[in-house]
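Novice: what shape does this take:
(4 chains)
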There are 4 protein chains.
Amino acid sequence: MAREERKDPPAGEATSAVEEVEVRGHIVDSLLLPKILDRILQMGGTFEIRECRIGSRRVDPSFARIAIRAGTAGELDAILGDLIEHGASPVNPEDARIEDADIAGAFPEGFYSTTNQRTQVRLVGRWVDVADQEMDCGIAVDAAARSARCVAMTDVTLGLPIVVGHAGVRVVPLERPRDSTLFGFMGSNVSSEKPKAVSLQAVADTIRAMRAEGKKVLLVGGPAIVHTGSAGHVARLIRDGWVQTLFAGNALATHDIEQALYGTSLGVSLTKGEAIEHGHEHHLRTINTIRRLGGIRPAVDAGVLTSGIMYECVRADVETVLAGSIRDDGPLPEVITDTMQAQARMRQALHGVGFAMMIATALHSIATGNLLPAWVKVVCVDINPATVTKLADRGTFQTVGLVTDVEPFLRSLATELSGEWRVASGE
Amino acid sequence: MAREERKDPPAGEATSAVEEVEVRGHIVDSLLLPKILDRILQMGGTFEIRECRIGSRRVDPSFARIAIRAGTAGELDAILGDLIEHGASPVNPEDARIEDADIAGAFPEGFYSTTNQRTQVRLVGRWVDVADQEMDCGIAVDAAARSARCVAMTDVTLGLPIVVGHAGVRVVPLERPRDSTLFGFMGSNVSSEKPKAVSLQAVADTIRAMRAEGKKVLLVGGPAIVHTGSAGHVARLIRDGWVQTLFAGNALATHDIEQALYGTSLGVSLTKGEAIEHGHEHHLRTINTIRRLGGIRPAVDAGVLTSGIMYECVRADVETVLAGSIRDDGPLPEVITDTMQAQARMRQALHGVGFAMMIATALHSIATGNLLPAWVKVVCVDINPATVTKLADRGTFQTVGLVTDVEPFLRSLATELSGEWRVASGE
Amino acid sequence: MAREERKDPPAGEATSAVEEVEVRGHIVDSLLLPKILDRILQMGGTFEIRECRIGSRRVDPSFARIAIRAGTAGELDAILGDLIEHGASPVNPEDARIEDADIAGAFPEGFYSTTNQRTQVRLVGRWVDVADQEMDCGIAVDAAARSARCVAMTDVTLGLPIVVGHAGVRVVPLERPRDSTLFGFMGSNVSSEKPKAVSLQAVADTIRAMRAEGKKVLLVGGPAIVHTGSAGHVARLIRDGWVQTLFAGNALATHDIEQALYGTSLGVSLTKGEAIEHGHEHHLRTINTIRRLGGIRPAVDAGVLTSGIMYECVRADVETVLAGSIRDDGPLPEVITDTMQAQARMRQALHGVGFAMMIATALHSIATGNLLPAWVKVVCVDINPATVTKLADRGTFQTVGLVTDVEPFLRSLATELSGEWRVASGE
Amino acid sequence: MAREERKDPPAGEATSAVEEVEVRGHIVDSLLLPKILDRILQMGGTFEIRECRIGSRRVDPSFARIAIRAGTAGELDAILGDLIEHGASPVNPEDARIEDADIAGAFPEGFYSTTNQRTQVRLVGRWVDVADQEMDCGIAVDAAARSARCVAMTDVTLGLPIVVGHAGVRVVPLERPRDSTLFGFMGSNVSSEKPKAVSLQAVADTIRAMRAEGKKVLLVGGPAIVHTGSAGHVARLIRDGWVQTLFAGNALATHDIEQALYGTSLGVSLTKGEAIEHGHEHHLRTINTIRRLGGIRPAVDAGVLTSGIMYECVRADVETVLAGSIRDDGPLPEVITDTMQAQARMRQALHGVGFAMMIATALHSIATGNLLPAWVKVVCVDINPATVTKLADRGTFQTVGLVTDVEPFLRSLATELSGEWRVASGE
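Specialist: Next up is the predicted model:
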């Protein structure tokens, strides 16, 4: 192979290694080309643009062929590895190199570390899509079946064939969406000073579109949903079929059930504002009660739990993953206390999800963000800009941050999606 | 006078000065007594509680008589001065000491520095209320007329009689409200994790109550009101008579007029979200246009300005003070560029104000807070907890902070106070 | 018992139940008395102060005997339960009521829910200290041995005798410290605008005092310690014996080891600032390397890991608990993935800890705060006021929040405690 | 001229207007080309790249010639105006169009609104640099002298010749710096989780470089400098010649002088931490004292003010602008209460400034940012990310934000620039 030869360069070119890559698509509009050129220079290489055709209209694809030169083959390899993640592909591709896992629970040295972007590996001369795309994994291949999939470190079994190095791997980065939806115009800017009604409308439209396409909507939620008085709005969204999957922790579930057990009227919410000193006790009694009954579903069956987010999840068969944390009291029987098991359950539940709303939780949002491929649309809603910024830093055009108060956001969303409050239903 | 004697103490008591103070009111419930005892100890004094009657029921007043001992008369004076601010009064009061201002624009040395609490001075044996209560002022007296008022440093004229020292001054601190209104239950806690619907309702109730009592409602607002798409909500509150006074700066007015001149439909707001790069130019052209017309009112009269906050203020004769800042472009002709003149105008406009809503501005809110007596109710609304905390630090039971997003807050407030959007009005 | 009788009141007093409580200590200075009176009124009761002796000097104890009246015995019980948590005790105490756990993993209904304050239960007429004090637990008793201890819900075994109701339980609240240390003057105020040198000095003094008393210092740390370039400071504190226990997660350990494996010089830190795009890959390779070696200690033994926080922990035999979270990649072999097991290990490791420094982590700090008794001093350091506020809300005089940047804080702390950087050591 | 003709297009091309622009420089690396193409499409135009030569190496300039087509001449004009701000210039340039101001204090309609980028206007066929570059101004020209300068709206006099429209104006945008200094690697990212020692070093290096070049260093500071105990560090930087210009408000000056007058030892700072309740009174007495003396310099001359920031400014003849705000008490005699006069003084004082440090003030920092041309390097230091973000949003490669605590930052900066604390000087 060409690159192997360069490891032993001719005398006259001792400090130099060259390889051509090509980039296709909306490479100017999506800022891909300048990014790639910039990376080459930053990593100590030089480039020569051997061919460059820029589309005249927005819909026209562009193309560039670039020769990259670096001091050593090692440096060149590092640059190529980097560019592959940005969507460049070598002009003369090789097959992916594969090595069998020599121990369980860890990759071979030099394993290819995945991103959340759509990825392909070259097996026996053919480009194959990688399944279960997820960042910070390895790629396991079944050469016979010409298939490949992302595999987490803990799931590596002895002898599993794993891709090593960057050769034979290419990434197909997302292009910036061209429409004027939420994801078209908002970019990853995080600011509390944006027209709020517009954002709300865009989220509602996205949810409707997802449901129309038959994709699932995921809600990742923190306990502030309950503290701010928004549990009723979320319960309504679930009841009306706008949420198919819920990721949360012990706290959200407990506070929600506490509200259901210890007071349903507005007056009680008021009192909670006043007599906050005893929140902890109700909280613990709630967990105790549910544990005594054997869990949330038994509590619904026993007629003890009759309203709220968790109640509606049971009734609507929403796929719910309650993941444990070291902050938990109790916890509720449904909480998965082992974090690796919880991750595995979340991974599974993400199949078919087209849109994720992450609301008022840094822990669960980041955990979910780690598992999601880049092309799943995400909106992160929090009143704290720091939380929103962390999520939006995933750096995909598909993740949008809204710095806003969750209660009015959820109230408006429920009203928008489910119509005006029905007086008859007593809410 | 007793204290004068102590300045020359008998030999046997050389290091000690004593004076009795008394405290009345809800001194236990309002934490006054422990605070006072604590201050005495912190400032190096000791105390003896000579009498203490604590009311058995909430409505019963309590009473305590406390002897304070300090090492020197000077130390004792410092302690007394401090306690007076907390509402204690000397058992054997003297008249206030008065000194004529020896230069204009400054107080005599040793002047009494005011708080924002209700204050009285003793003139010729009679306690007289201080008018125009404001913190960080001096007290000017007219002994003949037995009257006193707060006076700012810049307004001191040569020869003006000014109170010096703490003798003959007493403060009547606000008591904690006992009802379950916003100001009853929220205290000065600042948190984004509170039941939001409750707070909103409480603000609306307060505004209705103020209007029923014939008191004015003041809005102190920043430009984020416009950025977040809330100008329409505020315009509506003004049109419907819920705001009598507006304090703002060049930025709020300019952005509001910019919205009126360069686009009134939602579509335009959307576009603004997109094409934010030219915000500055519209902004400057707006100011230029208004300056060419001679001001906001002429622009309304000329039919150029036909909607928005400033338009409604002109139409409803809302008393508006636009105060200048060094950040200003232009500014608009109505902006008072001299900050001392602006303060004077704000001071004047505060007469009759019973409730102040401070929304999305630190600068104007703090400036207004400095001018307000402690008994005017204040709600400070901002998505940034730091801003809310600064305001809430005024330390009165009458100031409440809401950490929330201003757009949904104002939308809900307008809906609550002015009823549902009227389709006929085209909004 | 008196209270039982009240459940069947005489005809003439049908709507009323009375019981006397007493409060002792610095009840005025510590704001206890007004708080208690306030609670009674808030919860719908009335009171009569039957006796009240307030100490004249700061060191003198005070005493109050208060008769509480409520509409029903149930309401009275609720009030008493509340007051007990604030430090009041019934004048005529009963023994604690005990019920055997009827199922494993849950308390009997009506269990006494603990606080983090020093607590005593009355067994066979004698007040007994509760061991292992921790909030949100139950109290298990061994009546024969006259002993009691806090027990977490998950640890309840079938038949374990558990305290139910508030009778026979009393809380001894912490008093406000009277000295001028960090914990004396700072209170729970959270602000970034405080004299920083003073706070730093106070933390250093506290650590020195703890070590002099033979108590352990706990560091609870987040990954921002490494991101901000502070790993070297912490490593130094550990090496010099200022930290005995470390609570952290997979992220801190991984980032620290990544720094050790992928670059030790300042130049590399600089590069990291630049080439941040590949952080995730180093991160994952680091975990993979350590997993291949079998863990952190094996990596030290193998000579692979030779610097940093985790290296120093191994060398100094610091008790380390790495608790798992659903955000984790890998994780490192030492990470305890089950959150309940991690809690149990943390609980154990807290024995002997006199001071906890919580730095740049909300998750681990709150989890640790949940396990700590109120009398362990805590300082919470974070640049984000929201995190500090959450911790400081524990509401004890022993918890102090510092809003500051962790790197200069840790640098100064290391310099203060360990002396100037020694040139000879090559740092 | 070509464009005039297009206003009356031939029948066959009624809906179309075309014009060529060219872009030169590091147009790929600096993201200029994609930005320009993107803007054309966003504004409804289409483009054809007629020529495109991309430099092969980093130092090579690139060139592109682009034909832009829009529906109407008006639309084309809008696009051209936009592109000019991004650095494109028409291939066939016209002279700038000039109109005399028809009223004082406002521009003619259609005036060219300036950016903070280096700008040139074409006068009688020659490109002329615009002096006094400042955003949100107009351009006044002296055609005879072939000179042009930025002029603020308030400074427009009747008959002043003002540039209108975009023709004959071109902008020379800053290129991204290529070195590894603070401004090279940090970009405009705002995060508290960055290696702090690196940033500090870079700021110190920049200051040293500026002084070596004979450029002035400007400090824009807020009162938190004093609250956090950093006044001594700043005083030292001034004394040692590292600051030539100071922009601040009444608050910084007053708190600094208050510290000088009411306590100089660390012990007093400690006490201030405790007895914060009387801060306001010292504050007011400080202002009163300085007003009685006639100002800060008289107070220094009288031997009353003998330390602190303001003292060192007087001694070192630092050009100081204290700008008024409506929050001010007093104010100090040196404070310029008229905001437009203050702006004028700041504008003047900015001549020769090569580096601006903006520390712990939003108001003064934004005001200064408005006046600064894009090529002056700016570092904004604040513990609140929101403030830093607002400043960094100026969108120039020359503005860097540091989210950190100002006290340790200033302490380290003073130590780095001025050497270790000298014991002999008694500090």
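Novice: contacts and neighbour counts: CA atoms only from here.
Specialist: Noted.
Novice: quick one: neighbours of the closest residue to A:Gly308 other than its chain neighbours, just the number.
Specialist: The shortest distance from A:Gly308 to any non-neighbouring residue, by CA to CA, 6 or more residues apart in numbering or on different chains, is to A:Ala235 (5.5 Å). As a burial measure, A:Ala235 scores 20 neighbours (other CA atoms under 10 Å in any protein chain shown).
Novice: which of the helices or strands spans A:Ala235?
Specialist: When elements are assigned from DSSP states H and E, A:Ala235 belongs to helix A:231-239.
Novice: and stretch A:339-346, how far out from the chain's middle?
Specialist: Remark: stretch A:339-346 is offset 15 Å from the chain centroid, using CA atoms, centre = their mean, to the nearest Å.
Novice: with only the CA atoms kept, save that stretch in PDB.
Specialist: Presented in PDB, the C-alpha positions along stretch A:339-346 are these (Å, rounded to 0.1, in the frame of the first residue of the first chain):
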ATOM      1  CA  THR A 339     -24.900   2.600  36.100                       C
ATOM      2  CA  MET A 340     -23.600   0.300  33.400                       C
ATOM      3  CA  GLN A 341     -26.900  -1.600  33.300                       C
ATOM      4  CA  ALA A 342     -28.700   1.700  33.200                       C
ATOM      5  CA  GLN A 343     -26.600   2.700  30.200                       C
ATOM      6  CA  ALA A 344     -27.400  -0.500  28.500                       C
ATOM      7  CA  ARG A 345     -31.100   0.000  29.000                       C
ATOM      8  CA  MET A 346     -30.900   3.600  27.800                       C
END
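Novice: now that stretch: buried residues?
Specialist: Using 16 or more other CA atoms under 10 Å in any protein chain shown as the test for burial, stretch A:339-346 gives A:339-343, A:345-346.
Novice: thinking again about what came up before, the residue nearest to A:Gly308 against A:Val314, yeah?
Specialist: No. Assessed by CA atoms under 8 Å, A:Ala235 is found out of contact with A:Val314, at 11.0 Å.
Novice: any idea what A:Val379 is bridged to?
Specialist: Counting by DSSP bridges, A:Val379 forms beta bridges with A:Met357, A:Val400.
Novice: low-confidence bits of chain A, can you list those?
Specialist: Within chain A, the stretches with pLDDT under 70 are A:1-16, A:26-31, A:34, A:54-60, A:174-194, A:263-280, A:392-397, A:420-427.
Novice: interface residues of it facing chain C?
Specialist: Counting by CA under 8 Å from any CA of the partner chain, chain A comes close to chain C at A:103, A:105-107, A:109, A:113, A:136, A:152-154, A:280-281, A:284-285, A:288-289, A:291-292, A:323-331, A:337-340, A:342-343, A:363-364, A:366-368, A:370.
Novice: buried ones only from the residues you listed, please, as a PyMOL command.
Specialist: Buried subset of the residues of chain A next to chain C, written as a PyMOL selection, criterion 16+ other CA under 10 Å:
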select buried, chain A and resi 105+106+107+113+136+152+153+154+280+281+284+285+288+289+291+292+323+324+325+326+327+328+329+330+331+337+338+339+340+342+343+363+364+366+367+368+370
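Novice: quick one: which of the residues of chain A next to chain C sit in strands?
Specialist: Those of the residues of chain A next to chain C mapping onto strands are A:Ala323, per DSSP state E.
Novice: okay, helices next: where are they in the stretch 201-350 of chain A?
Specialist: A:224-227, A:231-239, A:250-261, A:266-274, A:279-293, A:296-301, A:309-315, A:339-349 (DSSP state H, counting those that start in this stretch).
Novice: and the buried residues of stretch A:339-346 as JSON lines, adding distance to chain B?
Specialist: As requested, the buried residues of stretch A:339-346 are exported to JSON lines (distance: CA to the nearest CA, whole Å):
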{"residue": "A:Thr339", "distance to chain B": "27"}
{"residue": "A:Met340", "distance to chain B": "30"}
{"residue": "A:Gln341", "distance to chain B": "31"}
{"residue": "A:Ala342", "distance to chain B": "27"}
{"residue": "A:Gln343", "distance to chain B": "28"}
{"residue": "A:Arg345", "distance to chain B": "29"}
{"residue": "A:Met346", "distance to chain B": "27"}
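Novice: tally of neighbours for whichever residue of the stretch 201-350 of chain A sits closest to chain D?
Specialist: Residue nearest to chain D within the stretch 201-350 of chain A (CA to the nearest CA): A:Ala202, separated by 19.4 Å. Number of residues near A:Ala202 (other CA under 10 Å) recorded here: 16.
Novice: same check, this time on A:Arg97
Specialist: 19.
Novice: how much space separates the residue in the stretch 51-200 of chain A positioned nearest to chain B from D:Arg315?
Specialist: Closest residue of the stretch 51-200 of chain A to chain B, CA to the nearest CA: A:Pro195 (4.1 Å). Taking CA to CA, to the nearest Å as the measure, A:Pro195 falls 50 Å from D:Arg315.
Novice: more neighbours: those two, which one.
Specialist: A:Pro195 (21 against 15).
Novice: might one say that the more buried one is in contact with B:Ala231?
Specialist: No. If you go by CA under 8 Å, A:Pro195 and B:Ala231 don't touch, sitting 10.5 Å apart.
Novice: walking through the stretch 1-150 of chain A, point out its strands one by one.
Specialist: A:17-25, A:46-53, A:62-70, A:89-90, A:97-100, A:118-123, A:126-131, A:138-142, A:147-151 (DSSP state E, counting those that start in this stretch).
Novice: quick one: buried residues of stretch A:82-101?
Specialist: Buried residues in stretch A:82-101 (16+ other CA under 10 Å): A:82-90, A:93-101.
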